[in-house]
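Asks: Sequence plus the predicted model coming up.
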Amino acid sequence: MVAREETDRLRALVETGIAINSELSLDAVLERIVEAAARVTCARYAALGVIDRAGTALEQFVTHGIDAETHASIGDLPRGRGILGVLIRDARPLRLHDIADDSRSVGFPPSHPPMHSFLGVPILLRGVSYGNLYLTEKEGGGDFTDEDEEVVTLLAAQAAVAVENARLYESATEWSRQLESLNEIGGALVSELELPRLLDLIARRLRELIRARLVTIALPAGDELRIETADGEGAESFVGMSFPRYDSKTGRVLERGHSERVDSLLEDPEVHQDAARQMGARTGLYVPLMLRDAAIGVLVAHDKVGSDQRFDSADLRLAEQFADRAAVAVDLSRRVARDALRRVVAGQEVERRRLARELHDETGQALTSILLGLRAVEEAGSGDDLRNSVSDVRELVVATLQDVRRLAVQLRPKALDDFGLVPALERLVQTFSEATAISVDLEAGLGDERLPADVETTLYRIVQEALTNVVKHAEAGSMSVLLVRRESSVTAVIEDDGRGFDPTNTREDGLGLLGMRERVELHDGHLKIEASPGSGTTLVVEMPL
């Protein structure tokens with residue numbers, strides 16, 4: 001009989017060891033361990049409690065011997081008080097003849113089955129306590145023995161290995177997820193220039209990783225802070241929300257430039273309580289977006305999902321990494337915006353200088369001629385001299401008016417806004433041909449639907465610049481402009497029969513090609529130049545729609 005019991009115990013230990021090495025589910029392994037412990041000790045009831053990472057309570061409780069109906073009637077699983085708490089605080093084996101006789105017992109909840117004899121063994125590995133194995137109601141009403149304690153201690157050691165392996169796997173998986181998210185954000189910083197999309201990605205990935213109910217990113221807007229992006233519960237209603245910069249927790253963190261973790265927003269006097277109530281927030285992480293030792297915004301996370309809504313130090317460290325990425329995103333966006341503004345201003349100044357020269361050289365001289373003509377009218381007596389002077393002045397006024405209209409069209413043709421690209425180009429090439437005697441063949445296959453307004457403007461300016469280049473440099477007799485619209489792109493081909501040039505030996509900005517290329521690249525398009533001395537020039541522009 002004794003030999004059979006020893007064989008059963010050895011078999012249980014071997015089977016449990018095999019389960020630990022082969023079973024991927026921690027819950028399944030713990031269930032096997034609890035069943036084996038009950039079998040080898042002849043206990044009616046068995047349980048295994050896993051202690052949380054803080055080491056103060058049970059985060060998982062696996063039972064054996066209690067059916068589902070009894071579980072439901074008992075209610076919430078134990079959290080580690082009474083005799084169960086004794087083993088959490090003092091990780092040593094505990095054997096009792098009757099639980100009720102121990103002064104530390106707090107009794108059982110209603111519907112709980114009666115339990116008397118007790119054996120509790122801590123789940124230890126390298127001095128770290130992962131939980132406890134509990135056994136009650138030994139068969140036959142006797143007490144648990146030294147042999148029971150010894151074999152359950154071995155099972156507890158196996159349980160410790162299983163829990164540690166599961167937590168190591170969980171940590172590795174968590175680090176992998178964090179690395180993937182950080183890599184994704186790093187890739188987005190290189191390829192994505194739209195700041196709202198970048199901030200949305202950062203907020204979404206951080207909320208998923210730290211399991212927050214809500215994550216927001218706020219940037220300064222004058223004397224206020226404005227939420228630029230939000231992810232989580234009710235996120236859409238919070239985007240655009242503003243609150244005082246100097247009378248809020250977010251503003252104070254921005255001012256101090258140091259991260260803070262708040263376990264209770266109600267107890268923090270710096271928290272803007274109105275905003276906290278609107279968000280339904282109870283806890284928070286406040287992390288400044290630091291850029292060259294200066295805070296340019298604040299990342300805020302509220303309410304960790306679960307029974308404990310407080311964030312821990314690991315959450316804070318991860319939020320700081322995401323805040324660093326958010327700071328880079330904001331800085332890159334501002335740099336791009338400033339660079340684009342500088343380019344726009346530079347382009348405007350070039351255009352202003354050209355118009356100023358034309359107004360001075362042509363319109364100004366024409367107006368001076370009109371003044372001289374008016375003086376001739378004043379000095380003319382009557383008859384033919386007066387009529388001739390008036391006729392001369394009239395011709396000067398008509399010519400000047402035409403010059404002013406031409407300049408206005410160059411600034412912004414009204415036909416482009418009212419009728420679209422093709423009518424505007426038809427007017428442009430007609431005026432160009434009349435003024436230069438260079439024939440221009442315009443062929444447009446764009447369909448009935450208009451192109452996006454910014455694409456139309458870009459194509460118009462490119463054709464306009466190409467015509468100007470032909471007059472200044474090409475010495476051409478004819479040109480052709482072909483526009484073709486495909487399913488997802490539009491292509492413009494501009495050719496002339498002029499003297500051509502060597503693209504490798506010519507400064508592109510001298511021919512206006514740099515401005516063309518920049519305009520096309522703003523639409524993620526391509527500009528191709530085909531030219532050689534004596535054989536004309538071909539420009540091919542392709543832009544996605």
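Replies: Done, it's in.

Asks: can you give me how far stretch 86-95 is from the chain middle?
Replies: How far stretch 86-95 lies from its chain's middle: 48 Å, per Cα atoms, centre = their mean, to the nearest Å.

Asks: so E487, which of the three states?
Replies: coil (DSSP: H, G, I helix; E, B strand; the rest coil).

Asks: What is the neighbour count of it?
Replies: E487 has 5 neighbours, counted by other Cβ atoms under 10 Å. C-beta coordinates here come from the backbone N, C-alpha and C atoms, glycine included.

Asks: pretty sure V541 is in contact with R517, am I right?
Replies: No - the pair V541 / R517 is not scored as a contact, 9.6 Å apart, by Cβ atoms under 8 Å.

Asks: okay, the two: which has more neighbours?
Replies: Neighbours of V541 and R517, each counted by other Cβ under 10 Å, are more numerous for V541; the result is 24 against 18.

Asks: Now the more buried one: closest residue in space, sequence neighbours ignored.
Replies: Nearest-residue entry for V541: A492, 4.3 Å, with adjacent residues in sequence omitted and distances by Cβ to Cβ, 6 or more residues apart in numbering.

Asks: E426 now?
Replies: Nearest to E426 is L442, by Cβ to Cβ, 6+ apart, at 6.3 Å.

Asks: coming back round to it: tell me, what's touching V541 and R517 both at once?
Replies: Counting by Cβ atoms under 8 Å, 6 or more residues apart in numbering, the shared contacts of V541 and R517 are L527.

Asks: For the residue nearest to the spatial centre of the chain, what is the enclosing helix or strand?
Replies: Nearest to the geometric centre of the chain sits L201, at 1.8 Å (Cα atoms, centre = their mean). L201 is part of helix 195-210, with elements assigned from DSSP states H and E.

Asks: Check the secondary structure at A424 for me.
Replies: Assigned with three-state DSSP, A424 falls in the helix class.

Asks: L545 versus that one, what's the distance?
Replies: Applying Cβ to Cβ, to the nearest Å, the value for A424 to L545 is 18 Å.

Asks: And those two? Which one has more around it.
Replies: Between A424 and L545, counting by other Cβ under 10 Å, A424 is the more crowded of the two (24 against 12).

Asks: mind checking the backbone torsions on R95?
Replies: The phi and psi values for R95, taken as degrees, to the nearest 10, are phi -120, psi 130.

Asks: That one - how many residues pack around it?
Replies: R95, neighbours per other Cβ under 10 Å, totals 16.

Asks: how about it, what does it touch?
Replies: Contacts for R95 were tallied using Cβ under 8 Å, 6+ apart; they are 118-120, 143-144, 149.

Asks: Run through who's touching the helix or strand where E255 lies.
Replies: Following DSSP H and E, one finds E255 within helix 249-256. The contact list for helix 249-256 (Cβ under 8 Å, 6+ apart) reads 218, 220, 225, 243-246, 259-260, 262, 265, 268, 270-272, 284, 286-288, 295, 297-298, 300.

Asks: So which bits of stretch 519-536 are buried?
Replies: Within stretch 519-536, the residues scored as buried using 16 or more other Cβ atoms under 10 Å are 519-520, 523, 525, 527, 529, 531, 536.

Asks: What residues does D497 make contact with?
Replies: Taking Cβ under 8 Å, 6+ apart as the test, what D497 contacts is 476-479, 536.

Asks: and those residues, which of them are in strands?
Replies: Filtering the contacts of D497 for membership in strands, criterion DSSP state E, returns 478-479.

Asks: Check which helices and strands the helix or strand encompassing E518 is in contact with.
Replies: Following DSSP H and E, one finds E518 within helix 513-521. Here helix 513-521 touches helix 453-469, strand 526-531, strand 537-544, going by 3 or more Cβ pairs under 8 Å, 6 or more residues apart in numbering; DSSP states H and E.

Asks: For it, the averaged confidence score.
Replies: Helix 513-521 carries an average pLDDT of 77.

Asks: CA atoms of stretch 36-53 as PDB?
Replies: Provided in PDB are the C-alpha atoms of stretch 36-53 (Å, rounded to 0.1, in the frame of the first residue of the first chain):
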ATOM      1  CA  ALA A  36      -1.700  16.500  -8.700                       C
ATOM      2  CA  ALA A  37      -1.300  18.100  -5.200                       C
ATOM      3  CA  ALA A  38      -4.900  17.000  -4.300                       C
ATOM      4  CA  ARG A  39      -4.300  13.500  -5.600                       C
ATOM      5  CA  VAL A  40      -1.000  12.800  -3.900                       C
ATOM      6  CA  THR A  41      -2.200  14.200  -0.500                       C
ATOM      7  CA  CYS A  42      -5.700  12.800  -0.700                       C
ATOM      8  CA  ALA A  43      -7.100  16.300  -0.200                       C
ATOM      9  CA  ARG A  44     -10.700  17.000  -1.100                       C
ATOM     10  CA  TYR A  45     -10.000  20.600  -2.000                       C
ATOM     11  CA  ALA A  46      -6.900  22.300  -3.400                       C
ATOM     12  CA  ALA A  47      -6.000  25.700  -4.600                       C
ATOM     13  CA  LEU A  48      -3.100  27.700  -6.000                       C
ATOM     14  CA  GLY A  49      -2.800  31.400  -5.500                       C
ATOM     15  CA  VAL A  50      -0.400  33.500  -7.600                       C
ATOM     16  CA  ILE A  51       0.900  36.700  -5.800                       C
ATOM     17  CA  ASP A  52       0.800  39.900  -7.800                       C
ATOM     18  CA  ARG A  53       4.100  41.600  -8.800                       C
END
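
Asks: In that stretch, which residues are buried?
Replies: Buried residues in stretch 36-53 (16+ other Cβ under 10 Å): 36-51.

Asks: and what of stretch 131-148?
Replies: 131-138, 144, 148.
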